[in-house]
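S.K.: okay, sequence plus prediction incoming.
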Amino acid sequence: MLSSDMPEEEELDGQTGSSTSGSIYSACRIADFPATITIPVDSSVPPELRTRFPGGALQFVKDGERIAVLLAEAER
């Protein structure tokens with residue numbers, strides 16, 4: 001999803017969020033393991049991501065107040 005596709009806050013009509021389609025894997029924080037979201041870079045992501053990270057995956061990890069962004073490159 002492109003940031004330009006995100007709805008404006010006033011368009012949510014009292015909802016607490018919005019959704020997107022495609023393969024997204026997430027996990028809440030459990031014990032010492034931080035919350036994560038992993039997105040495979042496939043045909044469901046914007047073309048800009050496919051061009052920059054072909055065949056890989058992006059993982060976002062929340063650790064306290066920080067968010068780490070990790071890249072898994074495509075297997076060669």
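M.R.: Noted; the coordinates are in hand. Residues are numbered from 1 along each chain as shown.
S.K.: ok, residue 62 to residue 48 distance?
M.R.: 24 Å (C-beta to C-beta, to the nearest Å). From N, CA and C alone the C-beta is placed, and that goes for glycine too.
S.K.: so, low pLDDT: which residues of this structure?
M.R.: Residues of the chain meeting the criterion pLDDT under 70: 1-22, 25, 76.
S.K.: between residue 62 and residue 48, which one's more packed in?
M.R.: residue 62 (14 against 9; other C-beta atoms under 10 Å).
S.K.: the more buried one against residue 26, yeah?
M.R.: No: when contacts are counted by C-beta atoms under 8 Å, residue 62 is not listed as touching residue 26 (10.5 Å).
S.K.: overlap in contacts, the two.
M.R.: 35, 36 (C-beta atoms under 8 Å, 6 or more residues apart in numbering).
S.K.: in which helix or strand does the nearest residue to residue 58 once chain neighbours are set aside reside?
M.R.: Distance criterion C-beta to C-beta, 6 or more residues apart in numbering; nearest residue to residue 58, sequence neighbours excluded, is residue 39 at 5.0 Å. Per DSSP states H and E: residue 39 is located in strand 35-40.
S.K.: in terms of secondary structure, what does that strand contact?
M.R.: strand 25-27, strand 57-63 (3 or more C-beta pairs under 8 Å, 6 or more residues apart in numbering; DSSP states H and E).
S.K.: after the longest one, which helix or strand is next?
M.R.: Once strand 57-63 ends, the next helix or strand along the chain (criterion: DSSP H and E) is strand 66-72.
S.K.: list the pairing partners of that following strand within its sheet, with orientation.
M.R.: strand 57-63 (antiparallel) (DSSP bridges).
S.K.: could you pull out the buried residues of the partner strand?
M.R.: Across strand 57-63, burial judged by 16 or more other C-beta atoms under 10 Å covers 57, 58, 61.
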